[in-house]
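A.B. asks: my questions are about this predicted structure, shown below with the sequence.
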Amino acid sequence: MALPQRGRFNGPFVRRQVEPEHRINDRIRVPQVRLVGDNVTVGVYPTDQARRMAFDQGLDLVEISPTADPPVCKIIDYNKFLYEKKRKEKEMKAKSKASEVKEVRFTPNTDDHDFDFKVKHALKFLEEGNKVKAYVQFKGRAIMFKERGELILLKFAERLAEHGVLEGMPKMEGKRMLTMFAPKPASAKKKKEGGAA
């Protein structure tokens, strides 16, 4: 019995054509479309007429809302449209990536000066759009002072109230008591307004 040769492809090679993200020009096969945009009079047009209008301007007819009745189209430069869309997506991705969880650590015996210093750091983190995880670390017999840890975290929550939202009451996890704060959407804006007043 003859074995097939290694590395040899048996059968026809078929190149899969990549479909564009939107239907454009001749791919729009509905009888009429609703045209919107800067360079047209908004309204419903026969698809052939809309295609001609795009061609006359040296642009593309692009279907931007295929589920509408009739589908909504725009006369634009499709390549430029895709470039702008990708750029915006990239910016949004970069912004969402920028958000991190910053940690602020206390002990049951944290003094007032240290506490104020940590509050300043947490406020800065929240204004930058980061979450803050605050925890009290108990070592050895310090675990007997759980109430002190809870008081520290609640006092911390009180000081961050204008800029952060407490996501849950302090809870024990092993030898740590912790809680999380999320930034308030308008905290940075409020600070600017407060400074202007």
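C.D. replies: Great, that's in hand. Numbers count the residues shown, from 1 in each chain.

A.B. asks: for the rest of this, base every contact and every neighbour count on C-alpha atoms.
C.D. replies: Noted.

A.B. asks: which residue ranges of the chain form strands?
C.D. replies: Taking DSSP state E, the strands of the chain run over residues 32-36, 43-46, 60-65, 72-76, 101-106, 131-137, 164-166, 171-173, 176-183.

A.B. asks: mean neighbour count and distance to residue 158 added to the ones you listed, as CSV?
C.D. replies: Conversion of the strands of the chain to CSV gives the following (neighbours: other CA atoms under 10 Å; distance: least, CA to CA, whole Å):
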stretch, mean neighbour count, distance to residue 158
strand 32-36, 21, 50
strand 43-46, 14, 55
strand 60-65, 21, 47
strand 72-76, 23, 50
strand 101-106, 16, 15
strand 131-137, 22, 13
strand 164-166, 21, 9
strand 171-173, 13, 17
strand 176-183, 21, 11
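
A.B. asks: go through those strands and name the closest to residue 120.
C.D. replies: Of all those, it is strand 101-106 that lies closest to residue 120, at 10.7 Å by CA to CA.

A.B. asks: the closest one packs against which elements?
C.D. replies: In terms of contact count using 3 or more CA pairs under 8 Å, 6 or more residues apart in numbering; DSSP states H and E, strand 101-106 is assigned the packing partners helix 112-127, strand 131-137.

A.B. asks: how does this protein divide into domains?
C.D. replies: Segmentation of the chain into domains, based on automatic domain parsing, reads 25-93, 99-196.

A.B. asks: JSON lines for those domains, including mean pLDDT?
C.D. replies: Listed next are the domains of the chain as JSON lines, based on pLDDT from 0 to 100:
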{"stretch": "domain 25-93", "mean pLDDT": "90"}
{"stretch": "domain 99-196", "mean pLDDT": "83"}
